[in-house]
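[1] Sequence and predicted structure are below.
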Amino acid sequence: MDSEIRMKLHINDTFNRELPADPILENTRRQVKNACYSFVTPKQTVKPELLHVSTEMLKAIGLTEGDAKSEFFLNVFTGNAVLPNTKPYAMCYGGHQFGNWAGQLGDGRAINLVEVEHENQSWTLQLKGAGETPYSRTADGLAVLRSSIREYLCSEAMYHLGVPTTRALSLALSGDEVLRDMLYDGNAAYEKGAIVCRVSESFLRFGNYQIFAARQDNDTLKKLVDYTIKHHFSHLGEPSKKTYLKFFEAVLNSTLKMIIHWQRVGFVHGVMNTDNMSILGQTIDYGPYGWLEGYDHNWTPNTTDNQFKRYRYGAQLDIGLWNLYQLANALYPLIDEAEGLESILQSYTEKAQSQYIDMMRSKLGLFADDNSDAELIFSLEETLQQTETDMTIFFRSLSNFSKENPSEGLKIVKDAFYIPTDVSDSVRQQWTVWFETYAERLKKETRSSVQRKEKMNQVNPKYVLRNYMAQLAIDDANKGDYKLIDELFQLLKKPYDEQLENEKWFVKRPDWARHKVGCSMLSCSS
Ligand code: AMP
Ligand code: MG
């Protein structure tokens, strides 16, 4: 079986073959200079146990469900066996955390195993939580079950929602116990350790480039940028100053596109530090993320960010630009001319505004040209925030609205209101006006209402990984019951389908979850 899996995986390592390595092989914490990564061996675990495997990702890398049942698979994807002739490594990167330059960060608890190729796609397989690395700083290199379930379920759910994201192959228990102070309040406790195998074409982040610019190591910076273009942006051509600009523009466009998707589905990343921004414009590092329940531009799931709410839902597009400025600064030494970078950066705001409006138009089922749409959208956003209104239920229900009966509008979306009695007369009046304007606007559409409904339901998901749903799966898993992980995993594969048998998940957040840790309050301690 071992050799069968080895034969099936078409290993083609490039990152740790083409780029400079840290010459020190010892696994000690240190500043790593002039190198893109350090070789490191994952930690042996006490009693690894596979909890879930993504059949789709197995197939994507060329393996079968049968392969995933083998001891060898379990050992490789929990770090207990290293694939022959491969050299796992942790990447060196820096980053701005909450607006401040933090210096070297790096893969403190992620270890890249190998790059594989299958059906013309290359994938890097990376373990998260497989032990310490030279970048672990003061932490242990491990991950706990709760955060691993959240990452495993959410990254696959995001993919099926059509949001660019890293993927996940497997979720396993390490068998080790991990000490965590979940709320940073001095109450540390042991939790089950877990390991997720994440998968992406590349795990490069803005911070990978920033670290070399910060250290004025232009030589390694150039090597890394040229490598990135060669392997991930080859359509842009041979590296040159012009290509670097095109590269930056491509990153700007994909980053923007990703955040527009976040806004569409109500996803709040929670920690948009530059070390958590993928160079491929993929959602990466699922930490204290959350889903909007009540539609609220000020909401953030991250309690660590509660005071300033830097990474709140309504700020994500602006933060994207802020982060792109930092990437531009990092690339500047290779281009040596600010103008080109500046003009690309200046294009962001206009692109963001028009893409945001287009995205919201699609959520409302508006296709005909009409320049009053921005106004309709802003007044909707304002009205939605008057009383706690569930974003997912509101938009999904809105596809049942009939332009012939605007007075029925409130009835159609009534399930979205958390406390129906909170909808005051003046808010009711605001809704009435909004529904009337919306009905008038719909009259300009040529599509039938059946077609509109179908289109709207393709962009307004019925099922998202609500914060309390992940928490229910975590609570069960902590008691040794893993069924709900699979139930949610299957549910979220088809987030736009009606799935009438799963109607129980198309409900507002239950009241018990309103202030519960893990549901509305999350920290970076994972
Ligand atoms: P994050 O906020 O999860 O993106 O992590 C920021 C930095 O802290 C990254 O360099 C991580 O690798 C590192 N880090 C987070 N958790 C751990 C941990 N348990 N052990 C070692 N490093 C960690
Ligand atoms: Mg991170």
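    Cool, got the structure. Ligands and ions are numbered 1, 2, ... in the order given.
[2] Enumerate the residues of this protein near ligand 1.
    Proximity of the chain to ligand 1 is confined to 105-109, 135-136, 139-142, 271, 275-276, 285, 287, 524 under the rule CB under 6 Å from any ligand atom. Glycine gets a C-beta too; all of them are placed from N, C-alpha and C.
[3] Only whichever of these are buried, select them in ChimeraX.
    Here is the ChimeraX command that selects the buried residues among these (16 or more other CB atoms under 10 Å):
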select :105,106,107,108,109,135,136,140,141,142,271,275,276,285,287,524
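[4] I'd like to know which of the residues of the chain next to ligand 1 are part of helices.
    Applying DSSP state H to the residues of the chain next to ligand 1, no entry is found in helices.
[5] Inside strands: which ones of the residues of the chain next to ligand 1?
    Among these, none falls in strands (DSSP state E).
[6] show me which of the residues of the chain next to ligand 1 neighbour ligand 2.
    Contacts with ligand 2 are made by 276, 285 out of the residues of the chain next to ligand 1, judged by CB under 5 Å from the ion.
[7] domain ranges for this protein?
    2-203, 207-361, 367-456, 467-513 (automatic domain parsing).
[8] Can you convert those into a markdown table and add a column each for mean pLDDT?
    Output for these, formatted as a markdown table (pLDDT from 0 to 100):
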| stretch | mean pLDDT |
| --- | --- |
| domain 2-203 | 97 |
| domain 207-361 | 98 |
| domain 367-456 | 96 |
| domain 467-513 | 97 |
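[9] Need these in JSON lines (columns: distance to residue 519).
    Below are the domains of the chain laid out as JSON lines (distance: least, CB to CB, whole Å):
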{"stretch": "domain 2-203", "distance to residue 519": "11"}
{"stretch": "domain 207-361", "distance to residue 519": "9"}
{"stretch": "domain 367-456", "distance to residue 519": "14"}
{"stretch": "domain 467-513", "distance to residue 519": "4"}
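[10] Next up, the contacts around the one residue in the stretch 351-500 of the chain that gets nearest to ligand 2.
    Residue nearest to ligand 2 within the stretch 351-500 of the chain (CB to the ion): residue 470, separated by 18.7 Å. Residues near residue 470 by CB atoms under 8 Å, 6 or more residues apart in numbering: 149-150, 153-154, 488, 518.
[11] and the nearest residue to residue 281 once chain neighbours are set aside, how many residues sit next to it?
    Leaving aside its chain neighbours, residue 281 sits nearest to residue 254 (2.6 Å; criterion: CB to CB, 6 or more residues apart in numbering). Using other CB atoms under 10 Å, the number of residues around residue 254 comes to 16.
[12] Please pull up the helix or strand immediately following the host helix or strand of residue 254.
    Using DSSP states H and E, residue 254 falls within helix 241-265. Next helix or strand after helix 241-265 toward the C-terminus (DSSP H and E): strand 267-268.
[13] for that following strand, packing partners?
    strand 290-291 (3 or more CB pairs under 8 Å, 6 or more residues apart in numbering; DSSP states H and E).
[14] Heading C-terminal from the strand it packs on, find the next helix or strand.
    Remark: after strand 290-291, the chain's next helix or strand is helix 316-335, criterion DSSP H and E.
[15] CA-only coordinates of that next one in PDB, if you can.
    Extracted C-alpha coordinates of helix 316-335, given in PDB (Å, rounded to 0.1, in the frame of the first residue of the first chain):
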ATOM      1  CA  GLN A 316     -12.700  44.300   4.500                       C
ATOM      2  CA  LEU A 317     -12.500  46.000   1.100                       C
ATOM      3  CA  ASP A 318     -10.600  48.900   2.600                       C
ATOM      4  CA  ILE A 319      -8.200  46.600   4.500                       C
ATOM      5  CA  GLY A 320      -7.600  44.700   1.200                       C
ATOM      6  CA  LEU A 321      -6.300  48.000  -0.200                       C
ATOM      7  CA  TRP A 322      -4.200  48.700   2.800                       C
ATOM      8  CA  ASN A 323      -2.600  45.300   2.600                       C
ATOM      9  CA  LEU A 324      -2.000  45.800  -1.100                       C
ATOM     10  CA  TYR A 325      -0.100  49.000  -0.300                       C
ATOM     11  CA  GLN A 326       2.200  46.900   1.900                       C
ATOM     12  CA  LEU A 327       2.800  44.400  -0.900                       C
ATOM     13  CA  ALA A 328       3.500  47.300  -3.300                       C
ATOM     14  CA  ASN A 329       6.100  48.600  -0.800                       C
ATOM     15  CA  ALA A 330       7.600  45.100  -0.700                       C
ATOM     16  CA  LEU A 331       7.900  44.900  -4.500                       C
ATOM     17  CA  TYR A 332       9.100  48.400  -5.000                       C
ATOM     18  CA  PRO A 333      12.800  47.600  -4.700                       C
ATOM     19  CA  LEU A 334      12.500  45.400  -7.700                       C
ATOM     20  CA  ILE A 335      10.700  48.000  -9.800                       C
END
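[16] what angle sits between it and helix 241-265?
    Note on geometry: by axes from the mean of the first three to the mean of the last three CA atoms, to 10 degrees, helix 316-335 and helix 241-265 are set 170 degrees apart in direction.
[17] Relative to the whole chain's centre, how far out is the next helix or strand after helix 316-335?
    Per DSSP H and E, the first helix or strand lying C-terminal to helix 316-335 is helix 338-364. The chain centroid and the centroid of helix 338-364 are separated by 20 Å, computed with CA atoms, centre = their mean, to the nearest Å.
[18] residues making contact with the helix or strand that helix 338-364 is followed by?
    The helix or strand immediately downstream of helix 338-364 is helix 373-384, counting by DSSP H and E. By CB under 8 Å, 6+ apart, the list of residues contacting helix 373-384 from outside reads 295, 297, 357, 360-361, 364, 366, 391, 394, 427, 430-431, 434, 437-438, 441.
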